[in-house]
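Novice: when you get a sec, could you give me coordinates for this:
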Amino acid sequence: MVGKREWGGGGGGGGGGPGPGAPPAPAATAGACVPQAPAAAGAKPIPDPAVPEKPVRRRFTAEYKLRLLRDADACAEPGQLGALLRREGLYSSHLTAWRKLRDEGTLAGLTPRRRGRKANPDAPVIAENERLKRENQRLAAKLRQAETIIEVQKKLSEILRIPLPPPDNNGSVP
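Specialist: The predicted structure is shown next:
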């Protein structure tokens, strides 16, 4: 094909629709992708078909989970459970996990859990330990510097023949 197609219909030639120069199909026959005005005043508006930038994770409350488990347990006829799941937009794995949590008796387990890496309970202790290590290193460097200065002062006093007072009992010079 030499020219550029205005709208695509897949590969391969022929069959299944108008050619490249044909006008696009009207909105009434295009399908449910195009939002249309509601037919009656009481009808629900059609949601915007645009996909959001970032998907939002659904969160279910404990009350919702327990209510849904009661409804699922009440389903006796074949197909009722599937209809319930389709209506609520759930999977059977949701029910399985929620039943397991309910049977364990952990109502707190039915509340949504925070995802991701869990906070370390010892984090404040670790941070304090790191701070004390840094302070210890800083003070050790300061002590080495002070000892070096004292040694230089002793040598300078020997060279200049300046007598130093004798050290106290605790080893410090007044």
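
Novice: so residue 117: helix, strand or coil?
Specialist: Secondary structure, DSSP: H, G, I helix; E, B strand; the rest coil: residue 117 is coil.

Novice: begin at 53 from now on, thanks
Specialist: Happy to do that; since the first residue is 53 now, the last one works out to residue 169.

Novice: any idea how far residue 132 is from residue 150?
Specialist: According to CB to CB, to the nearest Å, residue 150 stands 18 Å off from residue 132. Glycine gets a C-beta too; all of them are placed from N, C-alpha and C.

Novice: err, residue 203, not the other one
Specialist: In terms of CB to CB, residue 203 sits 91 Å off from residue 132.

Novice: who's more crowded, those two?
Specialist: A direct count of neighbours by other CB atoms under 10 Å for residue 203 and residue 132 places residue 132 higher, at 13 against 10.

Novice: and the more buried one, how close does it get to residue 116?
Specialist: Separation of residue 132 from residue 116 (CB to CB) stands at 19 Å.

Novice: for residue 206, same thing?
Specialist: 80 Å.

Novice: with residue 131 instead?
Specialist: 23 Å.

Novice: these two: which has the busier surroundings?
Specialist: residue 116 (13 against 8).

Novice: do I have it right that residue 140 meets residue 120?
Specialist: Yes: with contact defined as CB atoms under 8 Å, residue 140 reaches residue 120; the gap is 6.5 Å.

Novice: ok, those two, which is more surrounded?
Specialist: For residue 140 and residue 120, the more surrounded residue by other CB under 10 Å is residue 120, and the numbers stand at 18 against 14.

Novice: tell me which element that one falls in.
Specialist: Secondary structure from DSSP states H and E places residue 120 in helix 114-126.

Novice: pull the residues that contact the helix or strand harbouring residue 134.
Specialist: According to DSSP H and E, residue 134 maps onto helix 132-140. Here helix 132-140 makes contact (CB atoms under 8 Å, 6 or more residues apart in numbering) with 120, 123-124, 127, 143-144, 147.

Novice: any idea how far residue 176 is from residue 192?
Specialist: 25 Å.

Novice: okay, strands next: where are they in the chain?
Specialist: For the chain, applying DSSP state E gives no strands.

Novice: how's it carved up into domains?
Specialist: 114-162, 175-215 (automatic domain parsing).

Novice: give the rounded mean pLDDT of the first one.
Specialist: Read that as domain 114-162. For domain 114-162, mean pLDDT is 88.

Novice: fine by me, thanks again.
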